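Trainee: Return a 3D structure for these sequence lines:
(one chain, ligands or ions: 1)
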Amino acid sequence: MSNGKILLVDDEPAFRQLAQSWLNQSGYQVETAADLSNARSKLASFDADLILLDLSLPPQFDPQHTLEALADFTSRPVIILTGHAERQLALDAIARGAWDFIAKPVDPDLLAVVIKRALNKHQLDNELKQLKQRVSAGGTGRLIGVSAAMDAMRTLIQRIAPTDVRVLVTGPSGTGKEVISRALHELSQRSDKPFVSVHCGAIPADLLESELFGYVKGAFTGADKDRPGLLKLADSGTLFLDEIGEMPLPMQVKLLRVLQEGTYFPVGGREQHKIDIRLISATNANLPDLVKKGLFREDLYYRIKGITLETQALSERSQDIPLLLQFFLEQLSKQHGQAVRLDSMALSWFLQRDWPGNIRELKNTLESVAAVAQDGVISMADISLLHPDASAAQLQNLQPQQGDSLLLDEAVQALEIRLIKQAMQQSSGNKSKAARLLGLSRQGLLKKIDRYQLAV
Ligand SMILES: Nc1ncnc2c1ncn2[C@@H]1O[C@H](COP(=O)(O)OP(=O)(O)OP(=O)(O)O)[C@@H](O)[C@H]1O
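Mentor: Predicted coordinates:
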């Protein structure tokens, strides 16, 4: 099995032969070219994963000329082979998109390391691009996550959104019930109409009716003019009733009438108002339990239920954490006007921790540690300022990486490992089946298992 395809472009036949044999021994498939035009025609039939490029090539033997042609090749990593005198040129090459440079005479061990790193990074970049495309597909772009649960949720949202069916979103606090409800609205026929969100638990019971239905002048002391309610504001759009389990019983009766008849009376008013809304409700309470206890009307429950979407706790889909971190770090970088990232230990801490408050807690924690971090790099020292119980010693399962490698690589690697393990479990160890679940070829999966040295 080949470790990858390399095109070696160098005018010295002896070096081409020697380097080709080193690379073959390391498992690479190699083609060679003696100049740029030869390199271009080789690439037409040989889709190289990486190019090794000498700067001084015939017929001009002008490194500047090669530099100018570099953009034609940098869709894959290009490693420049240089003489010592050409160091500045090599740096220019990197500024123009080359991955790295190696001075001649080439040390075969160093060459092997540089090639391996470049190929790994290139592959991770491509995978991340694909993941980003997947998560930003459609109007569910703000729903970050690659878990099977999240994929299923996106599919359901896309199917349900265009219908006018009522939706009840249930699940633990902070798992994205409001984000899902907004996505349903954005993908609906009503997307250019208002989305009005009402937090039923946050409005005092005696105010809820006038907030929702509005009131007419003189309805009560202080009602010196007519005021439309939130229902009116939501007319022809979507009304989102968050924490509907906290709605007081008398209000539940009134809401039921609105849902049955499509009409309501403002407080103190005699004129019936017609309303056309799509209702989406959310709760982290167990409504059937509340019904049994007499705290929620059964008839209302069946009216609002329509289709029920259930969100999962973050602990049940921890494979979403790396991408969520990446997403929130990008948001923070924009807010702070500088790149904000986690160093490897801090990343491990975030990946390992249980998040009982789910995505909200993850996001808030990241925001607060980013606020105390210096120079945009969040470390364990910053985390332990706010979480004195946090220490590097707690990081058991994830081995910290050497140095300051990029969050991007680590996040994608952690994500891939989790997804592969999960797919292998789901397919009871059958690699072909797991590969299909992951949308990979069997060979692609085997490569990854080998790369991460997974005992699956
Ligand atoms: N899949 C997701 N992708 C990106 N951000 C998310 C996702 N899910 C939730 N969030 C973010 O997490 C926070 C909490 O989400 P949201 O308010 O939708 O949760 P909730 O389930 O409605 O919570 P509660 O039950 O407490 O009202 C918000 O800042 C939201 O933007």
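
Trainee: Tell me how many other residues crowd the residue nearest to residue 321 when sequence neighbours are not counted.
Mentor: Distances taken as CB to CB, 6 or more residues apart in numbering place residue 351 nearest to residue 321, at 5.8 Å, with adjacent residues excluded. To be clear about C-beta, it is placed using only N, CA and C from the backbone, and glycine gets the same treatment. Per other CB atoms under 10 Å, the neighbour tally for residue 351 reads 20.

Trainee: that's a helix at residue 351, yeah?
Mentor: Yes - applying DSSP: H, G, I helix; E, B strand; the rest coil, one finds residue 351 inside a helix.

Trainee: show me the contacts for it.
Mentor: 318, 321-322, 325, 398, 414 (CB atoms under 8 Å, 6 or more residues apart in numbering).

Trainee: again with residue 216
Mentor: 223, 226, 266-269.

Trainee: Distance of it relative to the ligand?
Mentor: 32 Å (CB to the nearest ligand atom, to the nearest Å).

Trainee: Quick check: residue 242 touching residue 195?
Mentor: No - the pair residue 242 / residue 195 is not scored as a contact, 11.8 Å apart, by CB atoms under 8 Å.

Trainee: near the ligand too, which of the contacts of residue 216?
Mentor: By CB under 6 Å from any ligand atom, no member of those lies near the ligand.

Trainee: Secondary structure element holding residue 2?
Mentor: Of the helices and strands defined by DSSP states H and E, none includes residue 2.

Trainee: Neighbours of the closest residue to residue 224 other than its chain neighbours, how many?
Mentor: Excluding the flanking residues, the one nearest residue 224 by CB to CB, 6+ apart is residue 217, at 6.4 Å. Neighbours of residue 217 under the rule other CB under 10 Å: 11.

Trainee: pretty sure residue 217 is touching residue 267, no?
Mentor: No - Residue 217 is beyond contact range of residue 267, at 11.0 Å (criterion: CB under 8 Å).

Trainee: Any chance you could list residues touching both of these two?
Mentor: Common neighbours of residue 217 and residue 267 (CB under 8 Å, 6+ apart) are residue 223.

Trainee: quick revisit: tell me the secondary structure for the residue nearest to residue 224?
Mentor: Classified using three-state DSSP, residue 217 is coil.

Trainee: Over to residue 8: give its phi and psi.
Mentor: phi -100, psi 120 (degrees, to the nearest 10).

Trainee: ugh, typo on my part, it should be residue 3
Mentor: The phi/psi pair for residue 3 (degrees, to the nearest 10) is phi -80, psi -10.

Trainee: if I look at residue 28, how far off is the ligand?
Mentor: 40 Å.

Trainee: typo on my end, residue 117
Mentor: Separation of residue 117 from the ligand (CB to the nearest ligand atom): 31 Å.

Trainee: for that residue, what are its contacts?
Mentor: residue 100.

Trainee: So which bits of the helix or strand harbouring it are buried?
Mentor: Under the criterion of DSSP H and E, residue 117 resides in helix 108-136. Neighbour counts over helix 108-136 (16 or more other CB atoms under 10 Å) mark 111, 114-116, 118-119, 121-124, 128, 131, 135 as buried.

Trainee: Return the backbone torsion pair for the residue nearest to residue 224.
Mentor: With angles defined as degrees, to the nearest 10, residue 217 sits at phi -50, psi 130.

Trainee: Verify the contact between residue 304 and residue 281 for me.
Mentor: Yes - Residue 304 sits in contact with residue 281 when judged by CB under 8 Å, with a separation of 4.7 Å.

Trainee: Roughly how far does the residue in the chain that the ligand sits nearest to sit from residue 145?
Mentor: Going by CB to the nearest ligand atom, the ligand is nearest to residue 176 of the chain, at 2.6 Å. Distance, residue 176 to residue 145, by CB to CB, to the nearest Å: 8 Å.
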